[in-house]
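A.B. asks: Okay, sequence plus prediction incoming.
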Amino acid sequence: MRVGVTIDLLQDVSLDAEFQKLRSFGMKSCQLVCWDRALLTDETAVMVCEMMKKHGVEITAFWCGWEGPRWWNFYEGQLTLGLIPEAYRFQRLQMLEEGSDFARKIGVTDLITHVGYMPENPYDEQYPEVITALKHIVQKCARNGQYFLFETGQETPVTLLRAIQDIGMENVGINLDPANLIMYGKANPVDALDVFGKYVRGVHGKDGLYPTDGRKLGQEVPIGEGKVDFPRFIARLKECGYDGDITIEREITGEEQARDIIRGKEILDRLI
């Protein structure tokens, strides 16, 4: 296992500088995150490849967002996140397809996204519609020689396992964010590995607290200050045969973010 970090692909931020910062952290890998459809171009792909070569950085996965409103909570989030809301589903599928093509151009084989609040009830009328949409993007990824990965968070582990089984294709996996499972109140991430451990192809290094408000997610906190039991979590990952990267995601900005990433890497390196 290596420790990497998430890097945002943004219009007004130099990827050259971000990769230089990554290397200053003593890292060689990242997940590249993009929510801006306008950046999914051939020109951007060429630039990303040049920066990877210049800095000796490996992009282990492409995290593709989607257009439209998004509310990270338990109420509006049900109506706005991922592929669940029918009003946004088609345009979001289009962006994910473009994200798959972009990932192929930069040589990345894992495409990640949040699917949204998958219905826990398999008889919910939305459930088969979402599975159909997911089969579409998974097939697109297959044509590009890629895996499609669910980012954990809004689904319970059993709901996620059922969705993977119902899609029924070999190129489906999970990007396990242990903090998300806690912050959404869905599961203990160590126990979740008993449910879907064999499907994990990516892992976020992130920590968080359980929600204490029925409308709001729990708080994200620096690694080592939340409810993720990282010693047990990493040991269980190894038992499941996972040997990929743990990619730190600290969802703040500025000097505090850099300090937390450096400290998080030290903690994870010791445990690995």
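C.D. replies: Looks like it arrived, so ask away.

A.B. asks: can you pull out the helices in the stretch 51-200 of the chain?
C.D. replies: For the stretch 51-200 of the chain, the helices defined by DSSP state H, counting those that start in this stretch cover 76-80, 86-105, 126-143, 157-167, 178-183, 189-196.

A.B. asks: Quick check: which of the ones you listed is buried the most?
C.D. replies: Among those, helix 178-183 has the highest mean neighbour count (mean count of other C-beta atoms under 10 Å), at a mean of 26. The way it works is simple: take the backbone N, C-alpha and C, and place the C-beta from them, glycine included.

A.B. asks: Please name every helix or strand in contact with it.
C.D. replies: helix 189-196, strand 200-205, strand 207-208 (3 or more C-beta pairs under 8 Å, 6 or more residues apart in numbering; DSSP states H and E).

A.B. asks: one more time with 7 Å
C.D. replies: Under the contact criterion of 3 or more C-beta pairs under 7 Å, 6 or more residues apart in numbering; DSSP states H and E, helix 178-183 touches helix 189-196, strand 207-208.

A.B. asks: and the helix or strand that the last one is followed by, what does it pack onto?
C.D. replies: Following the chain from strand 207-208 toward its C-terminal end, the next helix or strand by DSSP states H and E is strand 220-221. Under the contact definition 3+ C-beta pairs under 7 Å, 6+ apart, strand 220-221 sits against strand 207-208.

A.B. asks: Figure out which of the helices and strands packed on helix 178-183 is closest to Asp42.
C.D. replies: helix 189-196 (35.6 Å; C-beta to C-beta).

A.B. asks: so which of the helices of the stretch 51-200 of the chain gets nearest Gly214?
C.D. replies: Gly214 lies closest, by C-beta to C-beta, to one member of these: helix 76-80, at 12.6 Å.

A.B. asks: so which of the helices and strands packed on helix 178-183 comes closest to Ile182?
C.D. replies: strand 207-208 (5.0 Å).

A.B. asks: could the helices and strands packed on helix 178-183 go into JSON lines alongside mean pLDDT and distance to Met118?
C.D. replies: Formatted as JSON lines, the helices and strands packed on helix 178-183 follow (pLDDT from 0 to 100; distance: least, C-beta to C-beta, whole Å):
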{"stretch": "helix 189-196", "mean pLDDT": "98", "distance to Met118": "13"}
{"stretch": "strand 207-208", "mean pLDDT": "98", "distance to Met118": "20"}
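
A.B. asks: Using a markdown table, please lay out these together with distance to Glu97.
C.D. replies: Output for the helices and strands packed on helix 178-183, formatted as a markdown table (distance: least, C-beta to C-beta, whole Å):
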| stretch | distance to Glu97 |
| --- | --- |
| helix 189-196 | 25 |
| strand 207-208 | 31 |
